[in-house]
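> Structure of the sequence below:
(2 chains)
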Amino acid sequence: MSVLVDQSTRVIIQGITGREGSLQARLCIEYGTKVVAGVTPGRGGESFEGVPIFNTVREAARETNADCSFIVVPPPFAADAILEAAHADIPLVICITEGIPTMDMVGVKRALQGGDSRLIGPNCPGVITPGECRVGIMPGDVFSAGAVGVVSRSGTLVYEAVAQLTNRGIGQSTCIGVGGDPIIGTTQREALELFDKDTETAAVVLIGEIGGSAEQEAADYLRGMSKPVIAFIAGATAPPGRRMGHAGAIIAGDTGTARAKQEALSAAGAVICESPAEIGATTERVLKDAGLI
Amino acid sequence: MKIHEFQAKKLLAEYGVPVPPGRVAATPEQAREAAQELGGPVVVKAQVHAGGRGKGGGIKTAATPEEAEQAATQILGMRLVTPQTDAEGKLVHRVLVEEQTAVERELYLSVLVDSASSRTTMIASAAGGVEIEQVAAEQPEAIHRVAIDPAVGFQPHEGRELAFALDLGGDLLRPAVGLMTALYRCFTEKDCSLVEINPLVVTGDGRLLALDAKITFDDNALFRREEIAAMRDTDEEDPLEVQAQELGISNYVKLDGNIGCVVNGAGLAMATMDSIKLAGGEPANFLDIGTVNDVSRVVSAFRILTADPSVKAVLINIFGGMARVDIIAEGVVAAHREMDIRIPVVVRLAGTNVEEGERILGESGLSVIRADDLGEAASKAVEAAGKNGT
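Model (predicted):
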């Protein structure tokens, strides 16, 4: 078991003929992801690595029964691509694009409200259920199947945390990169909720970072969870007022500091890792203490 | 991207926001002429990208054109230190000479995107003229907010709600709602990330006026806002950060330590800084090299780090996903070939194409220090920087 994606997930890739899109499409197929269609406007009727290409997402979804769309398009076109997938009633839309204007995402988020499509990202590594389905840009071979869910704002910190887990023989149920932008489709809180309800996920590693209040909102949900949660917050050493790469990672006001987030999560019952190098070891200890390994 | 007060006021005026009459001056003579043209008493305000200018002596009043010239002589060329600058302060190249205003009341108004609600949000407070963070901490009930539905935009009733909360009834109601509507339009049409008027004042003769203005823009939207991008003033930015951007590295932030970092991904870059600190060292910078698919970008990163004289060791921490580790390794080799690098370099590689990356480094014969994981990389970098002297 897992959340969001598994071996039966049927994936469309929007931007499959682009430089990055074609590379990621190949890697997804190699990993075993069921890539059933690609979408590139004007290239309908062609194929890529045996995968049929369509002009529109609606057509691709109708012809292939796809239930997930993976968006790999440049920032100026990303909002339109997300909305095209939502308007075609694709239940799960995963967008990795970094650099989408915030105003575009304000509109997208409003348009998705009340609808049936769930957006993951943007500016994220995607979602992977190890051994079953990779819808994203992560290096597949560091992941291993197991019972720990991982949710993170940062992509490379997912890899870092997962490599530490895998090295200790701790597998993952599903890993979700929710994205580093100020406006994202699925929040850390919602990801925790998914893992909480998943019978095969025994514990969750939550990786946050400075800026905003998403970790505090996750902490509110965490309070009622019975599964152990291990948390790390990146950016404890970042100076206030300076944006650290991610558009969301800027300390403005007290809630944005690493300390405030650690305190909120700790008060809600999470075990805090002070060092990013200790995520694997801390998770192992927590799982042992809980009798889960 | 930040702009100056005079630029922000010009932009807001185009949207119909009332601002005081004013002129920009780069010399004391120009300041005197400006005061003469304006007639009557003026305020001379340093134009730098930092708040709290009055506290540092960057804002002076002048009753006559001669006094304005004197004030400008004092302010122009000074290194203005405010609570928002570092200890060195910011060099003042220009002043804004503005008509003095009789102030009846000071209010606060701003627009930003609230990530918790995912909405553009207008914030208003009757406690203007002080930092809004201070108001939020001391009297949160004095802060009023409206989250705006992007499907329909800012509505008059939302403006009335805020206006009445600020006690702007009677003859001021319509101008207040008009000003707020203009602010929202400017925010959305120009892809701003913050528009702040602090203070917004009620003048002695009963008008609303934006006495100060601060605007920052969404860097991700500059590609479609050429007129905004043209307002950038690189004099206000750290020279190393400007150089980094010219070399195509946009995610570089200069810090105070001595260990230069090259990392892929903002989260891992922050975590690497944290690890250095935990190992007893101080990072010299934040640098997210992004998705690297060409060698020259890595060489550029080395150029930036070695241009910073405080850097005593370099830590390269790459976990390849979309970025390929072999390209990074080739870049490290190329940088050593093209440049005379004398500081110790610690390299930790993992992820996509790591075997190829290891092979390239191994066969290069370079004396880089290798590390297998993040903790080891950080402690080796701290040790190397210590040996290299500070």
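
> for chain A, what spans make up the strands?
Counting by DSSP state E, the segments of chain A that form strands are A:10-14, A:34-39, A:47-48, A:51-54, A:68-71, A:92-95, A:118-120, A:126-129, A:133-136, A:145-152, A:172-177, A:203-209, A:229-234, A:271-273.

> For those, give me a markdown table that also has distance to residue B:160 and mean neighbour count.
No exception for glycine: its C-beta is placed from N, CA and C like everyone else's. Converted to a markdown table, the strands of chain A look like this (distance: least, Cβ to Cβ, whole Å; neighbours: other Cβ atoms under 10 Å in any protein chain shown):
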| stretch | distance to residue B:160 | mean neighbour count |
| --- | --- | --- |
| strand A:10-14 | 43 | 26 |
| strand A:34-39 | 46 | 25 |
| strand A:47-48 | 55 | 16 |
| strand A:51-54 | 49 | 20 |
| strand A:68-71 | 41 | 29 |
| strand A:92-95 | 38 | 28 |
| strand A:118-120 | 34 | 23 |
| strand A:126-129 | 45 | 28 |
| strand A:133-136 | 47 | 28 |
| strand A:145-152 | 42 | 24 |
| strand A:172-177 | 42 | 28 |
| strand A:203-209 | 39 | 28 |
| strand A:229-234 | 41 | 28 |
| strand A:271-273 | 46 | 18 |
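
> Of all these, which one is nearest chain B?
Minimum separation from chain B across those (Cβ to the nearest Cβ) falls at strand A:229-234, 4.0 Å.

> Where does chain B get nearest to chain A, which residue?
With distances taken as Cβ to the nearest Cβ, chain B approaches chain A most closely at residue B:267, which sits 2.0 Å away.

> which residues sit in contact with that residue?
Residue B:267 is in contact with A:152, A:153, A:154, A:155, A:156, A:157, A:180, A:207, A:209, A:234, A:246, A:249, counting by Cβ atoms under 8 Å, 6 or more residues apart in numbering or on different chains.

> Give me the pLDDT for the last one.
Right, the one you point to is residue A:249. Looking at residue A:249, its pLDDT is 72.

> Next, count neighbours for the residue lying closest to it once chain neighbours are set aside.
Leaving aside its sequence neighbours, residue A:249 sits nearest to residue A:211 (Cβ to Cβ, 6 or more residues apart in numbering or on different chains; 4.4 Å). Residues within reach of residue A:211, counting by other Cβ atoms under 10 Å in any protein chain shown, total 28.

> can you tell me which residues contact residue A:211?
Each residue near residue A:211 by Cβ under 8 Å, 6+ apart is listed here: A:182, A:235, A:244, A:246, A:248, A:249, A:250, A:251, A:252, A:256.

> In helices, which of these fall?
Cross-referencing the contacts of residue A:211 with the helices (criterion: DSSP state H) gives no overlap at all.

> Widest-spaced pair of these?
Comparing all pairs in the contacts of residue A:211 by Cβ to Cβ, the longest separation belongs to A:182 and A:235, at 14.8 Å.

> Now residue B:294. Nearest residue, chain neighbours left out?
Here the nearest residue to residue B:294 in space, its sequence neighbours aside, is residue B:327; by Cβ to Cβ, 6+ apart that works out to 6.8 Å.

> I should have written residue A:89 there, sorry.
residue A:116 (6.5 Å).

> What residues does the stretch 51-200 of chain B have near chain A?
Taking Cβ under 8 Å from any Cβ of the partner chain as the criterion, the stretch 51-200 of chain B approaches chain A at residues B:84, B:113, B:115-116, B:118-120, B:133, B:136-137, B:149-151, B:188, B:191, B:193.

> which one among these gets closest to residue B:315?
Distances from those to residue B:315 were compared by Cβ to Cβ; the smallest belongs to residue B:84, at 29.5 Å.

> and the closest one, what does it touch?
For residue B:84, the contacting residues are A:241, B:50, B:51, B:52, taking Cβ under 8 Å, 6+ apart as the criterion.

> so the second one sits in a strand?
No: the secondary structure assignment for residue B:50 gives coil rather than a strand, going by DSSP: H, G, I helix; E, B strand; the rest coil.

> what about it, how many residues close to it?
When neighbours are counted by other Cβ under 10 Å, residue B:50 comes out with 19.

> Just say helix, strand or coil for the closest residue to it other than its chain neighbours.
Distances taken as Cβ to Cβ, 6+ apart place residue B:84 nearest to residue B:50, at 4.3 Å, with adjacent residues excluded. Residue B:84 carries the three-state label coil when classified by three-state DSSP.

> Distance of residue B:244 relative to residue B:305?
Using Cβ to Cβ, to the nearest Å, we find residue B:244 at a distance of 10 Å from residue B:305.

> what does residue A:270 give?
Taking Cβ to Cβ as the criterion, residue A:270 is separated from residue B:305 by 36 Å.

> Please apply the same query to residue B:92.
According to Cβ to Cβ, residue B:92 stands 30 Å off from residue B:305.

> If you count surrounding residues, which of these two has more?
residue B:305 (27 against 21).

> ok, and the helix or strand in chain B with the lowest average confidence?
When each helix and strand of chain B is scored by mean pLDDT, DSSP states H and E, helix B:132-138 comes last, with a mean of 83.

> can you pull out the helices in the stretch 251-390 of chain B?
Assigned helices in the stretch 251-390 of chain B, in chain order: B:266-278, B:295-307, B:325-338, B:354-364, B:374-387 (criterion: DSSP state H, counting those that start in this stretch).

> any chance of these in TSV, plus mean pLDDT and distance to residue A:66?
Output for the helices of the stretch 251-390 of chain B, formatted as TSV (pLDDT from 0 to 100; distance: least, Cβ to Cβ, whole Å):
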stretch	mean pLDDT	distance to residue A:66
helix B:266-278	96	30
helix B:295-307	93	35
helix B:325-338	94	32
helix B:354-364	94	33
helix B:374-387	96	38
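
> Give me the neighbour count for the closest residue in space to residue B:379 that isn't next to it in sequence.
Closest residue to residue B:379 in three dimensions, ignoring its sequence neighbours and counting by Cβ to Cβ, 6+ apart: residue B:279, at 4.5 Å. Residue neighbour count, defined by other Cβ under 10 Å, stands at 19 for residue B:279.
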